[in-house]
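> Please find the sequence and the predicted model below.
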Amino acid sequence: MDLAKFYDSEFAEHGAVLQATMTAVRAPFEHMVTVCAGALQAGGKLMFFGNGGSAADAQHLATEFAVRYVADRPAMAALALTTDSSLLTAASNDFGYDVVFARQIEALAKPGDVAIGISTSGQSGSIIAALEKARSMGVTTVGFSGRNGGKMVDCADPLIIVPSEVTARIQEMHILLGHMLCNAVEIEMGLVKENLVAEGV
């Protein structure tokens, strides 16, 4: 194996996807910031959910909102629907895995909340079911996807679609954009100053 070639190739691919994403998703990103900030200011909450690596992203981003991102500030109402092992296993055992997030949306969501689905393919049955359930309840639905957006195109607006076919590159852009979302919402709500320099945590 030529490790030097592999190393350079991975960085080159990441850089290419980064540039393509920067060009492609500005409008839906700005829309998502407005939607999330408006919901939080009105007393709503953000609910993140995904599978596998996207489940990790859901938990990561919910924590950034609820605890802190760069600076101390008031908590923002956000949670991940991926963390309750008893609920996840009960719902999947009793009703099938595709309803594990939809069941929680049904139990916890209300109009004014935002359901944030994360799926690199846009095709995950559990993500689509949750977004459809949220919409049926008058909950705002948004999402992060990749490839061509898959079925999420029809049930999430805004939908950030990373222009790549490579799962790893899509996930890298999702966490970058998720961090940006948190910081932009903080600034939009007046909770932190713009251009705040990160300090060691």
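Now that the structure is in, tell me what you want to look at.
> Going by C-alpha atoms from here, please, whenever you check contacts or count neighbours.
Noted.
> where exactly do the helices run in the protein?
Ranges of helices in the chain, per DSSP state H, are 3-24, 26-41, 53-66, 85-95, 100-108, 125-136, 167-188.
> Please convert those to TSV, extending it with distance to Gly117, mean pLDDT and mean neighbour count.
What follows is the helices of the chain, written out as TSV (distance: least, C-alpha to C-alpha, whole Å; pLDDT from 0 to 100; neighbours: other C-alpha atoms under 10 Å):
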stretch	distance to Gly117	mean pLDDT	mean neighbour count
helix 3-24	18	98	13
helix 26-41	12	98	18
helix 53-66	8	98	20
helix 85-95	16	98	13
helix 100-108	10	98	19
helix 125-136	6	98	22
helix 167-188	11	98	20
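> and Ser145, which of those helices is closest to it?
Closest approach to Ser145 among the helices of the chain (C-alpha to C-alpha): helix 167-188, 7.6 Å.
> can you give me the offset of the closest one from its chain's centre?
Centroid separation between helix 167-188 and its chain, computed with C-alpha atoms, centre = their mean, to the nearest Å, is 8 Å.
> what packs against it?
helix 3-24, helix 26-41, helix 53-66, strand 140-146, strand 159-162 (3 or more C-alpha pairs under 8 Å, 6 or more residues apart in numbering; DSSP states H and E).
> okay, the ones you listed in CSV with distance to Met152 next?
Output for the helices and strands packed on helix 167-188, formatted as CSV (distance: least, C-alpha to C-alpha, whole Å):
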stretch, distance to Met152
helix 3-24, 17
helix 26-41, 14
helix 53-66, 15
strand 140-146, 7
strand 159-162, 8
